[in-house]
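>>> fold the following for me, if possible:
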Amino acid sequence: MFEKVNPMHPDKIADRIAGAIVDLGYKKVNNPKIAVEILIGHETCSVVIESSCHYHYGEIQEIVKRIAGVGKVILAQASQDENLAANQYVKFRCGDNGIFKGSPVTKEQKELIKISRDIYSKYNKDGKYILDGSRLIICQSNAKTKELEKEYKGATINPLGYWTGGLDVDTGCTNRKLGSDMGNGVTGGGLHGKDLSKADVSVNIYAHLKAQETGKKVNISCAIGDEIVDGKHYSEIVDIARRYIDQVGGFEKFAEWGLLR
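Residues are numbered from 1 along each chain as shown. As a prediction, the model looks like this:
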């Protein structure tokens, strides 16, 4: 049983905006410290940033407008807490507490990912999809049911009929679709809107990649300030995560589909 949402789902729009803000932070300074939360819907986007670098209102508004088409932005930003910042002064150490689980991507998950991408390539609008054994549920906005029925015979398609979706009928919030992004690897930490020093990003990516490589489930815990995580220097885990983010095209691109791509 697995649910996947596409990049135009309101929650994914929030993740993408947060990712773009992190991308911009890495352009401003080396190894920035960033935590971003987004709440968006009904023509308004609230952005809260805690960071070691400063953003101009116009930069944030441009990102929100480009990704979501929303012009009204409420921005609040603050410097990173000095005690948290001090954790990184002497050595590169783990920036958060947490437990992390990596899980091999299943055949069912791979199948639904393909279906999600295929439908999204044709419609490019808000959509949500579920595969539960042999039952496929497709909720695709701005799509005629009969058109989808031709290709996905036997599927449950738009049970309530035609719908438009998007930010005019729903709200989006950062890290609200972790099941879609992480599958069986979901824990308490969110993937999006944070820099690579945060274990929620780096250790989640590392645990996922390790699970795909070994074909086994991975369980990791760490504490803020740890220099060694899962037998590796934390800087090595961050480097692994950095290469992965670079490979997918940055934090904004990462946010489109998450770890289960």
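
>>> for the stretch 1-150 of the chain, which segments count as strands?
2-5, 34-41, 44-51, 72-79, 98-102, 127-132, 135-140 (DSSP state E, counting those that start in this stretch).

>>> may I see those strands arranged in a markdown table, with mean pLDDT, distance to residue 57 and mean neighbour count as well?
The C-beta positions use only the backbone N, C-alpha and C, and glycine is treated the same way. As requested, the strands of the stretch 1-150 of the chain are exported to a markdown table (pLDDT from 0 to 100; distance: least, Cβ to Cβ, whole Å; neighbours: other Cβ atoms under 10 Å):
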| stretch | mean pLDDT | distance to residue 57 | mean neighbour count |
| --- | --- | --- | --- |
| strand 2-5 | 98 | 29 | 22 |
| strand 34-41 | 97 | 15 | 23 |
| strand 44-51 | 97 | 10 | 20 |
| strand 72-79 | 96 | 6 | 14 |
| strand 98-102 | 95 | 32 | 20 |
| strand 127-132 | 98 | 32 | 19 |
| strand 135-140 | 98 | 35 | 18 |
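
>>> for the closest residue to residue 96 other than its chain neighbours, phi and psi?
Spatially, and ignoring its direct neighbours in sequence, residue 96 is nearest to residue 199 (4.2 Å; Cβ to Cβ, 6 or more residues apart in numbering). Main-chain dihedrals, residue 199, degrees, to the nearest 10: phi -60, psi -30.

>>> tell me the pLDDT of residue 199.
For residue 199, the pLDDT comes out at 94.

>>> quick revisit: now the strands of the stretch 1-150 of the chain as JSON lines including distance to residue 28?
As requested, those are exported to JSON lines (distance: least, Cβ to Cβ, whole Å):
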{"stretch": "strand 2-5", "distance to residue 28": "30"}
{"stretch": "strand 34-41", "distance to residue 28": "10"}
{"stretch": "strand 44-51", "distance to residue 28": "9"}
{"stretch": "strand 72-79", "distance to residue 28": "13"}
{"stretch": "strand 98-102", "distance to residue 28": "26"}
{"stretch": "strand 127-132", "distance to residue 28": "34"}
{"stretch": "strand 135-140", "distance to residue 28": "38"}
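
>>> how deep is residue 26 tucked in, by neighbour count?
The burial count assigned to residue 26 is 18, neighbours taken as other Cβ atoms under 10 Å.

>>> is it in contact with residue 32, as I believe?
Yes. With contact defined as Cβ atoms under 8 Å, residue 26 reaches residue 32; the gap is 6.1 Å.

>>> give the residues shared as contacts by those two.
Common contacts of residue 26 and residue 32 (Cβ atoms under 8 Å, 6 or more residues apart in numbering): residue 195.

>>> any regions of the stretch 101-250 of the chain where pLDDT drops low?
Nowhere does the stretch 101-250 of the chain drop to pLDDT under 70.

>>> stretch 16-24 - what's its average pLDDT?
What stretch 16-24 shows for mean pLDDT is 98.

>>> now what about it, what contacts it?
By Cβ under 8 Å, 6+ apart, the residues outside stretch 16-24 that reach it are 7, 32, 34, 36-38, 40, 45, 47, 49, 55, 59-60, 63-64, 66-68, 174, 192-195, 250-256.
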